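> Have a look at this prediction, sequence included:
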Amino acid sequence: MGRRRQGALTPKRTVPTGPRVAVIGAGSWGTTFGKILADGGAQVTMWARRAELAHEIHEAKRNSRYLPGINLPRTMAATHELATALDGAEQVYLSVPSQSLRENLKALRPLLVSSDAKIVSLMKGVERTTGLRMSQVIQQELRCDPDRIAVASGPNLALEIAREQPTAAVISSRSQETAEIVARAARNDYFRTFVNTDVIGTEFGGVLKNLIAVAIGIVDGVGYGENTKASIITRGLVEMTDFAVANGAHPETLQGLAGLGDLIATCQSPLSRNNTAGRLLGQGYSFQDVVKQMQQTAEGLASVAPVLQLARESEVYMPIVEQVKMVLDGKMDPRDIAPHLTTDDDTPQGERTNHGQADGGGPLRRALQRAFDQFRDGGGRARRDRS
């Protein structure tokens, strides 16, 4: 055989060369992320609760319920046995409904007690009973070093990515090294990853954009147009930033992929579960009817109450989220929501387009803004998104 001529096409890599990873949860996003990892060369084992779903992924390389029409990588394996999925895993990715995370972690803990695997949250929610972010629940239940924990977030609509449409995401960890290790595994020709160390901002960005997306869905269902939706998205980003910063985030994180990027994708796409849930509410369905109609969890619906409780504790006013709660509770007709979504104050106000106010804001806002300005001007720690 002669040497392959220069420039000839080489076959697509089929032998995994990357780390051994487990993905816990085989819904649309978990399966898509497993595909991302496998296409990047990782040795992927999916865990599915239902044996028949695990068998379909493992043998047919399909997930017909959650990703119809998508062919999964030949190298992707699947099982319904947790111990098998976790055997030898160097990285464990969690993609289960946020409200059942703690229960799932109790089952995982004895299987990970002697492991130093990186634990990666793919979830975008807060625990209803405690208000804890997903990384906090992971740390609490697995009793592991927070430097082992990372979170992934960004404008990541599962079906588009499964179709290999290019996008980007942020991998965040308190440990820069952990973020970079995970980012290297979770990247390929169509999925690019950036890193930061602002776990709080990255997680809250993913949570809060869901709530704004529900509001967008409501007004869309009612029949309001693009002006209304653009106003809500713009003012929603201000609410998101105020809330996240008050809870320890860096404001620039909310201007990046985990904040603005995810907000745009989730609000404008019919593929968004939260947008769909809001649209059904706007069309007159009750909260209970919406839950019944949704085949998968719309995390925003479960996060409204705990986020508002945290907002009250942080003395942050969130008029958009407050009005969404009133619609969910049946206390406001969806048709009455739009005039109230951005402000109920008839007094003319200075527009605030980022953290801080047009009139200078209160002492807390000014102090936080000074801290941000010092960080921005002085360089400091590598907190910005980086490739």
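Great, that's in hand.

> Endpoints of stretch 305-324, how far apart?
10 Å (C-alpha to C-alpha, to the nearest Å).

> for the record, mean pLDDT for it?
In this model, stretch 305-324 carries a mean pLDDT of 93.

> again with stretch 190-209
pLDDT averaged over stretch 190-209 gives 97.

> Quick one: neighbours of residue 190, just the number.
16 (other C-beta atoms under 10 Å). Placement of C-beta: from N, CA and C, glycine included.

> ah, wrong one, I meant residue 269
By other C-beta under 10 Å, neighbour count at residue 269 equals 15.

> List the contacts of the residue nearest to it when sequence neighbours are not counted.
Closest residue to residue 269 apart from its sequence neighbours, by C-beta to C-beta, 6 or more residues apart in numbering: residue 157 at 5.5 Å. By C-beta atoms under 8 Å, 6 or more residues apart in numbering, the contact list for residue 157 reads 265, 266, 269, 271, 272.

> Could you check how far residue 157 is from residue 164?
Distance, residue 157 to residue 164, using C-beta to C-beta, to the nearest Å: 13 Å.

> where does this protein dip in pLDDT?
The model of the chain has pLDDT under 70 over residues 1-14, 294-300, 338-387.

> Break down it into its strands, ranges please.
20-24, 43-47, 77-79, 91-94, 118-121, 149-153, 167-173, 191-196 (DSSP state E).

> Mean neighbour count for these - can I get that in TSV?
Formatted as TSV, the strands of the chain follow (neighbours: other C-beta atoms under 10 Å):
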stretch	mean neighbour count
strand 20-24	26
strand 43-47	27
strand 77-79	21
strand 91-94	25
strand 118-121	27
strand 149-153	27
strand 167-173	25
strand 191-196	22
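
> Of those strands, which is nearest residue 253?
When these are compared by C-beta to C-beta, strand 191-196 sits nearest residue 253, at 6.5 Å.

> other SSEs contacting the closest one?
With contacts defined as 3 or more C-beta pairs under 8 Å, 6 or more residues apart in numbering; DSSP states H and E, the packing partners of strand 191-196 are strand 167-173, helix 176-185.

> Quick one: closest of those to residue 55.
Closest among those, using C-beta to C-beta: helix 176-185, at 25.8 Å.

> tell me the angle the closest one makes with strand 167-173.
150 degrees (axes from the mean of the first three to the mean of the last three C-alpha atoms, to 10 degrees).

> tell me the contacts of residue 80?
47, 48, 49, 50, 51, 53, 54.

> and the third one, what does it touch?
Just to be clear, that refers to residue 49. Residue 49 neighbours (C-beta under 8 Å, 6+ apart): 26, 80.

> Can you pull the phi/psi pair for it?
Main-chain torsions, residue 49, degrees, to the nearest 10: phi -60, psi -40.

> Report the separation between it and residue 27.
Counting by C-beta to C-beta, the gap from residue 49 to residue 27 is 10 Å.

> Repeat that for residue 137.
Separation of residue 137 from residue 27 (C-beta to C-beta): 18 Å.

> what does residue 84 give?
For residue 84 relative to residue 27 (C-beta to C-beta), the value is 19 Å.

> So these two - more neighbours on which side?
residue 27 (22 against 14).

> Next up, the contacts around the closest residue to the more buried one other than its chain neighbours.
Distances taken as C-beta to C-beta, 6+ apart put residue 66 closest to residue 27, at 5.3 Å, once the chain neighbours are dropped. Contacts for residue 66 (C-beta under 8 Å, 6+ apart) come out as 26, 27, 28, 31, 158, 296.

> before we move on, what about residue 158?
Per C-beta under 8 Å, 6+ apart, neighbours of residue 158: 28, 29, 31, 32, 66, 67, 271.

> any idea how far the residue nearest to residue 281 when sequence neighbours are not counted lies from residue 286?
Among residues not flanking residue 281 along the chain, residue 218 sits closest, at 5.2 Å (C-beta to C-beta, 6+ apart). Noted for residue 218: a distance of 13 Å to residue 286, by C-beta to C-beta.
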